[in-house]
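Q: return a 3D structure for these sequence lines:
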Amino acid sequence: MARSKQELISGMAMPHLIIVANEKGGQGKSLAALAVADHAYLHEAPLGVAQVDAQHRLAHALGRNVLTIAPVAKDARRDPAAEARSFTPLYTMIEKAAGRGASVLIDTGANQATRLAHWSGLVDLAEDLAQWKVKTTLIVPYVAEAEGMRQAAQTATLLLDRIPQARLVLVENERDGLFTNLHPASDAAGVHRTMIAPLKAQATTLRMPAIEAGSWRPFEAARCRFVQVAQMPVEKVMTVTGLPRPEAKIVRGDVAGWTATVFEELDRVLPWSKRGGGHG
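A: The predicted structure follows:
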């Protein structure tokens, strides 16, 4: 539903920086980042998108330019300032977005959160964000396995140390099973108890349900967006997936149901949502 002009002006008056990160790959960062971008699109919220990575999955899915902060070449590391200079376009994007009341989403690839945290501390980004009146939300997804949760906790701690005013959002990705089903004696349960639970005391925890096996994969390969799938005619779903009509309806329903659940969760924390816009 289109928002009124007054609502759009009100939403644009509160620029936000939204960082999606976990040092470990395969935790659902790309899914979470695409869901955030589509949630903004649905709410007509202005959003700049950047990635600290060399991959282009988010750009392909969104069908738009995404600012990419790729790892510096090995020979460039001889220049101590090369890494800092590589992030200058990101700094400029955030500053300009703040000036026009827009938000910025940063999708941080595997093994890249340390780079982002180091640069943020080097330039004292937290001070600038406060001066620009930009609120920050740190979204950390993880699955129900020990190393993913361990890296999630370390990523959250590292980035909160550099941007202490950020709001922490933990996303429990149920792809590998429910967190309530972790065996109490397992390594995963131990990490959840000792590293994740303390963070939950200061965080908002969201649920990311699993998508039925194979349901999203053909849409992702076709560079679709979540907001497109629910309204996609069955004939097009059949073309995209190669499935007969009954199965095409099922996979479309799987993705639409997943999107509805995740969007409802994101409503709790994203700034352009009435439920999520008031964090300090």
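Q: just the strands in the stretch 1-150 of the chain please.
A: According to DSSP state E, counting those that start in this stretch, the stretch 1-150 of the chain carries its strands in the segments 16-20, 47-52, 67-68, 103-108, 135-143.
Q: can you put these in JSON lines and add mean neighbour count?
A: In this view, the C-beta of every residue, glycine as well, is placed from N, C-alpha and C. As requested, those are exported to JSON lines (neighbours: other CB atoms under 10 Å):
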{"stretch": "strand 16-20", "mean neighbour count": "26"}
{"stretch": "strand 47-52", "mean neighbour count": "22"}
{"stretch": "strand 67-68", "mean neighbour count": "17"}
{"stretch": "strand 103-108", "mean neighbour count": "26"}
{"stretch": "strand 135-143", "mean neighbour count": "25"}
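Q: confidence-wise, which helix or strand of the protein is lowest on average?
A: helix 5-12 (a mean of 43; mean pLDDT, DSSP states H and E).
Q: spatially central residue in the protein, please.
A: The centroid of the chain falls nearest to Ala33 when counting by CA atoms, centre = their mean (3.1 Å).
Q: quick check, pLDDT for Gly278.
A: pLDDT, Gly278: 53.
Q: if we can go back for a sec, looking at the strands of the stretch 1-150 of the chain, which is closest to Met149?
A: strand 135-143 (5.0 Å; CB to CB).
Q: gap between that closest one and the chain center?
A: 7 Å (CA atoms, centre = their mean, to the nearest Å).
Q: next up, phi/psi of the residue nearest to Gly63 when sequence neighbours are not counted, please.
A: Among residues not flanking Gly63 along the chain, Arg223 sits closest, at 6.9 Å (CB to CB, 6 or more residues apart in numbering). When read as degrees, to the nearest 10, the backbone of Arg223 gives phi 60, psi 40.
Q: look up how far Asp176 lies from Arg223.
A: Here Arg223 is placed at a distance of 26 Å from Asp176 (CB to CB, to the nearest Å).
Q: ok so, going back, CSV please, covering the strands of the stretch 1-150 of the chain and showing distance to Leu266 and mean pLDDT.
A: Converted to CSV, the strands of the stretch 1-150 of the chain look like this (distance: least, CB to CB, whole Å; pLDDT from 0 to 100):
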stretch, distance to Leu266, mean pLDDT
strand 16-20, 10, 98
strand 47-52, 13, 95
strand 67-68, 22, 93
strand 103-108, 12, 96
strand 135-143, 9, 97
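Q: including distance to Asp128, could the ones you listed go into JSON lines?
A: Listed next are the strands of the stretch 1-150 of the chain as JSON lines, based on distance: least, CB to CB, whole Å:
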{"stretch": "strand 16-20", "distance to Asp128": "10"}
{"stretch": "strand 47-52", "distance to Asp128": "16"}
{"stretch": "strand 67-68", "distance to Asp128": "17"}
{"stretch": "strand 103-108", "distance to Asp128": "13"}
{"stretch": "strand 135-143", "distance to Asp128": "11"}
